[in-house]
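A.B. asks: My questions are about this predicted structure, shown below with the sequence.
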Amino acid sequence: MAVLKARGMQKARIGIALAALAGALLLIGGTAGGAFAAKSAKPTLRIGMIGDVITLNPLAAPSGVGITNTFYALAYAPLIHQKPDGSFAPALATSWKYIPTGTGRNKGFQLTLRHGAKFSDGSPVTAAAVAADLHAYATGKAGFATWLGPNPKFTAVGKYTVKIQTTLPTPSLDYILSDGGLWGWIESPKAVADQNLPTTATYGAGPYMLDTSGSVRGDHYKFVPNPNYYDKSAIKYGEVDVKIIPSSSSMVQAMQSGQIDVAQGDGSTANAAKSAGIKVLAASYGVQYGTINILHGPAEAAAALKDVRVRQALNYALDRKAIVNAVLFGYGKPTSAMEPIDSNPKLQNAYPYNPTKAKQLLAAAGYAKGFTMKIACFATPQIQGLVQTISKYWQDIGIDAQYSCTPAIGTYIQQILALTSVGSLAQLGQPTPELFNTFIGPKAPVHMYDDPTVYKLYYSGLKSANAKVAWTKMWTRIVKQAYYIPFYENDFVWFFGSHVKNVTTTNARLGTILPLEWSPK
């Protein structure tokens, strides 16, 4: 949930981001597409996903962590690989560095590409291809398009060198261009030129490619080895099958029966999986479901939410520890703060559960009798359970918190953009610049509020040799102004069986697991 400002050109983009991060499914019929290389003697890897990826096309993806990146990593090689400990290693790029531009620190970046790499369609991975792809990211409609700030420039220097120049300091380009940051998934020039192509097939330089004749969108996917992959020794499997299994209990059964090797899990079934002998991994991906639409929605709620005391009251009304136990089954932790990787951990308990103080703040703001507030949610079991729980807490302090959950993407987006004062949005624990450019900045695609002090602190940090000083003040102000009502930091939960090894998930990589790291036992 987030503070959303109604901006005509941004409505569809905001809705897509909201629906995707709440677990939306977008079903598109699979297309016939080809016979690939004969099946090898290598084993088949079987992956289970609770929900489908919203798009096969990385350039249009609204999110880039967890199961999304696991899926893309099968067919798309990143420019830079993020290792489980958060450090970076070569992939399509063999080296990278910041370079001086004469306009200030962290505005110039250079990549040196691997020689001889090819996309699955046979075209070479060149500096010109990569520059065109990065330009497409920067000018696209996905929520991460603003991560490099306004008007970044991408230049091919010879066949294997790419130079990037930004107008604002961008201190985390290695992350952004990695398989942790989403911009790293590079598409072939053919797909970049015709964005209809990667909606039904894959056009990456990764270890596998989609066998469209063996895939049905929204149900199952078949991947086969990419004959053009630059490191054939890294291809451990002769086939990778991805199955969509919406029920988490059914996922456990599929793991137990040996139908699935690695699966997306959740807290509600983690103990059952352990009891069945399935290995369970969990790591934080920094998602908090929160908040308030101050400038948009029914007049009564919109007026009330402009008062910081009302927003603070909504925060104090929540027993976050109880919410974590009830909704996440312990797979997460309570937090009162938006929490990027570089945030201030002292803010996590800024709003301890205090319904008495919440009522006092409402009374001081002139709302002793409360007001009506509508909440929309996408009808996944976890999200719906969360909304029911928080509605009860707000009703306990006198607010008539009405909620409406729908399984229809279109209806949900309409509710968020036109009918409600509260919506659900997942906030990802990425570095401060990525969060600012996605959610906070004046030109962010999901713009939440205007606060000149926040803007000043952010840009002061960008220009500073020690950005953390200014950014800690920025996040502290955001929390004290209660622009968000975070509830918890969620965990990604993964299941894996006895036939696969080297499955690793860490907080440093936001809970993502990458198939290229796995091996059959």
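C.D. replies: Done, it's in. Numbering: from 1, shown residues only.
A.B. asks: so where's the chain uncertain?
C.D. replies: 1-40, 63-64, 143, 287-299, 339, 341-343, 376-382, 406-429, 445-448 (pLDDT under 70).
A.B. asks: and the top strand by length along the chain, which strands flank it?
C.D. replies: Ranked by number of residues, the top strand in the chain under DSSP state E is strand 488-496. The strands beside strand 488-496 in its sheet (DSSP bridges) come out as strand 262-265 (antiparallel), strand 279-284 (antiparallel), strand 332-334 (antiparallel).
A.B. asks: Of all these, which one is nearest residue 518?
C.D. replies: Checking the strands paired with strand 488-496 against residue 518 by Cβ to Cβ gives strand 262-265 as the closest, at 7.2 Å. (Glycine included, C-beta is placed from N, CA and C.)
A.B. asks: hey, C-alpha coordinates of the next helix or strand after that closest one in CSV?
C.D. replies: Under the assignment DSSP states H and E, the closest C-terminal helix or strand after strand 262-265 is helix 267-275. The C-alpha coordinates for helix 267-275 follow below in CSV (Å, rounded to 0.1, in the frame of the first residue of the first chain):
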residue,chain,number,x,y,z
GLY,A,267,5.6,-19.5,5.8
SER,A,268,2.2,-21.2,6.1
THR,A,269,3.6,-24.5,4.7
ALA,A,270,7.3,-24.3,5.7
ASN,A,271,6.9,-26.4,8.9
ALA,A,272,4.9,-29.1,7.0
ALA,A,273,7.7,-29.1,4.3
LYS,A,274,10.3,-29.6,7.0
SER,A,275,8.3,-32.5,8.5
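A.B. asks: List the buried residues in helix 267-275.
C.D. replies: Across helix 267-275, burial judged by 16 or more other Cβ atoms under 10 Å covers 267-270, 272-273.
A.B. asks: would you turn the strands paired with strand 488-496 into CSV with mean neighbour count?
C.D. replies: Listed next are the strands paired with strand 488-496 as CSV, based on neighbours: other Cβ atoms under 10 Å:
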stretch, mean neighbour count
strand 262-265, 25
strand 279-284, 19
strand 332-334, 21
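A.B. asks: among those, which is nearest residue 165?
C.D. replies: Closest to residue 165 of the strands paired with strand 488-496 is strand 279-284 (Cβ to Cβ; 33.9 Å).
A.B. asks: outside of the closest one, which residues touch it?
C.D. replies: Strand 279-284 is contacted from outside by 265, 270, 273-274, 331-333, 429, 489-497, 503-507, 509-511, 513, using Cβ atoms under 8 Å, 6 or more residues apart in numbering.
A.B. asks: redo that, cut-off 7 Å
C.D. replies: Contacts of strand 279-284 with the rest of the structure, by Cβ atoms under 7 Å, 6 or more residues apart in numbering, involve 265, 270, 273-274, 331, 429, 489, 491-496, 503, 505-507, 511.
A.B. asks: How about stretch 358-373?
C.D. replies: With contacts defined as Cβ under 7 Å, 6+ apart, stretch 358-373 is touched by 300-301, 304, 307, 309-310, 312-313, 316-317, 397-402, 421-422.
A.B. asks: which of these are buried?
C.D. replies: For the contacts of stretch 358-373, buried by 16+ other Cβ under 10 Å: 301, 304, 307, 309-310, 312-313, 316-317, 397-399, 401, 421-422.
A.B. asks: Now, these that are in helices?
C.D. replies: Of the buried ones among the contacts of stretch 358-373, the ones assigned to helices by DSSP state H are 301, 304, 309-310, 312-313, 316.
A.B. asks: out of these, who's nearest residue 482?
C.D. replies: Nearest to residue 482 among those, counting by Cβ to Cβ, is residue 312 at 4.6 Å.
A.B. asks: check contacts around the residue lying closest to residue 99 once chain neighbours are set aside.
C.D. replies: Spatially, and ignoring its direct neighbours in sequence, residue 99 is nearest to residue 108 (4.2 Å; Cβ to Cβ, 6 or more residues apart in numbering). The neighbours of residue 108, taking Cβ under 7 Å, 6+ apart as the test, are 98-101, 165.
A.B. asks: would JSON lines of the residues you listed with secondary structure and distance to residue 224 be doable?
C.D. replies: Shown next, in JSON lines, are those (DSSP: H, G, I helix; E, B strand; the rest coil; distance: Cβ to Cβ, whole Å):
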{"residue": "98", "secondary structure": "strand", "distance to residue 224": "39"}
{"residue": "99", "secondary structure": "coil", "distance to residue 224": "39"}
{"residue": "100", "secondary structure": "coil", "distance to residue 224": "45"}
{"residue": "101", "secondary structure": "coil", "distance to residue 224": "43"}
{"residue": "165", "secondary structure": "strand", "distance to residue 224": "39"}
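A.B. asks: picking that back up, now the strands paired with strand 488-496 in a markdown table, with distance to residue 78?
C.D. replies: Listed next are the strands paired with strand 488-496 as a markdown table, based on distance: least, Cβ to Cβ, whole Å:
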| stretch | distance to residue 78 |
| --- | --- |
| strand 262-265 | 20 |
| strand 279-284 | 19 |
| strand 332-334 | 27 |
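A.B. asks: Identify, from the buried residues of helix 267-275, the entry nearest to residue 219.
C.D. replies: Nearest to residue 219 among the buried residues of helix 267-275, with distances taken as Cβ to Cβ, is residue 269, at 21.0 Å.
A.B. asks: Nearest residue to that closest one in space, please, no chain neighbours.
C.D. replies: Per Cβ to Cβ, 6+ apart, closest to residue 269 is residue 248, 4.5 Å.
A.B. asks: Residue 256 versus that neighbour, what's the distance?
C.D. replies: 13 Å (Cβ to Cβ, to the nearest Å).
A.B. asks: Identify the residues contacting the nearest residue to residue 349 once chain neighbours are set aside.
C.D. replies: Distances taken as Cβ to Cβ, 6+ apart place residue 336 nearest to residue 349, at 5.9 Å, with adjacent residues excluded. Contacts of residue 336 were listed using Cβ under 7 Å, 6+ apart, and they are 315, 347-351, 479, 486.
A.B. asks: Identify the bridge partners of the residue nearest to residue 99.
C.D. replies: residue 165.
A.B. asks: Please apply the same query to the one 10 residues further on.
C.D. replies: Following DSSP bridges, residue 118 is listed with bridge partners residue 124.
A.B. asks: That one contacts residue 206, doesn't it?
C.D. replies: No: counting by Cβ atoms under 7 Å, residue 118 sits too far from residue 206 to count as a contact (11.1 Å).
A.B. asks: Those two - which one has more neighbours?
C.D. replies: More neighbours surround residue 206 than the other of residue 118 and residue 206, with 28 against 17 (other Cβ atoms under 10 Å).
A.B. asks: Name the SS class of the more buried one, please.
C.D. replies: Using DSSP: H, G, I helix; E, B strand; the rest coil, the three-state assignment for residue 206 comes out as coil.
A.B. asks: Please report how far the residue nearest to residue 349 lies from residue 486.
C.D. replies: For residue 336, the distance to residue 486 equals 6 Å [Cβ to Cβ].
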